[in-house]
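Enquirer: No sequence on hand, only this structure:
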Ligand code: ADP
Ligand code: MG
Ligand code: MG
């Protein structure tokens, strides 16, 4: 599904990703951990097409297509979804409007007609229940005045509606209390399928108790320095990252 080869990315003249390799097959959940400033969010932004990053070497193939050549909205329509580390507030645009417009854009791309208004409300309400969100969130402006935890739930609500193929979650667990973490994790688990893959950036092993990954990677100094199974996350919790610094260099 996703094949990242020797990816080098700079912001201005500062190199951030420096030879990153990563392969994700359909249905797999990959967790990426790593110290602050390692380039985790940069990776999520480059995959989703955020402006301001320069790819200086390497390639990203998504279902065989050159992902980096595609406009961000095309990537989204092809099923690439990013749950932001810092979700954006959009005053004046209601949550329900955004969800419906985004879903219809994807449907149009797939040659499907616009979703029926009643069917859409039924769908949205089912997903709200899954995430234990009140219906009033539909009619509020996107993320405006939402608490940190509410913003993170809202990101997963978007994923649940849009049913992406590659779901990138950037620190979706940070700022969540224990109950919200469980709810968000259950939301993510309900989206797991043999066709959908996840790239899950997290600092905390705790999340991986709920969402058990197939592979855990450590991103340090701009590349993947170690990969393993879920037990690697436990090892990191115990030892930190410093023992990997030699491997990063
Ligand atoms: P992580 O998510 O792993 O904590 P980031 O990908 O956010 O790390 O950042 C990696 C490095 O790139 C950091 O040193 C950060 O300050 C730098 N960086 C990211 N975006 C920018 C930017 N727009 N301008 C300057 N430096 C940036
Ligand atoms: Mg960070
Ligand atoms: Mg980050």
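Expert: Alright, I've got the coordinates. Values in this document were obtained by computation on a predicted structure and should not be read as measured data. Numbering: from 1, shown residues only. Ligands and ions are numbered 1, 2, ... in the order given.
Enquirer: ok, residue 56 to ligand 3 distance?
Expert: 20 Å (CB to the ion, to the nearest Å). Using the backbone N, CA and C atoms, a C-beta is placed for each residue, glycine as well.
Enquirer: name the element that residue belongs to?
Expert: Element membership for residue 56 (DSSP states H and E) is strand 54-62.
Enquirer: Would you mind identifying the next helix or strand past that strand?
Expert: Heading C-terminal from strand 54-62, the first helix or strand you meet, by DSSP H and E, is strand 65-66.
Enquirer: can you give me the mean pLDDT across whichever helix or strand comes after that next one?
Expert: Moving toward the C-terminus from strand 65-66, the next helix or strand (DSSP H and E) is helix 72-77. Averaging pLDDT along helix 72-77 yields 95.
Enquirer: which parts of helix 72-77 are buried?
Expert: Neighbour-count burial for helix 72-77, with 16 or more other CB atoms under 10 Å as criterion, is recorded at 75-77.
Enquirer: What segments of the protein are helices?
Expert: With DSSP state H applied, the chain shows helices at 40-48, 72-77, 95-109, 117-130, 148-162, 178-191, 205-210, 231-239, 245-248, listed in chain order.
Enquirer: Mind telling me which of these the model trusts least?
Expert: helix 245-248 (a mean of 64).
Enquirer: Next, the contact list for the closest residue to residue 218 other than its chain neighbours, please.
Expert: Nearest residue to residue 218, sequence neighbours excluded (CB to CB, 6 or more residues apart in numbering): residue 226, at 4.4 Å. Residues in contact with residue 226 (CB atoms under 8 Å, 6 or more residues apart in numbering) are 217-218, 232, 244, 247.
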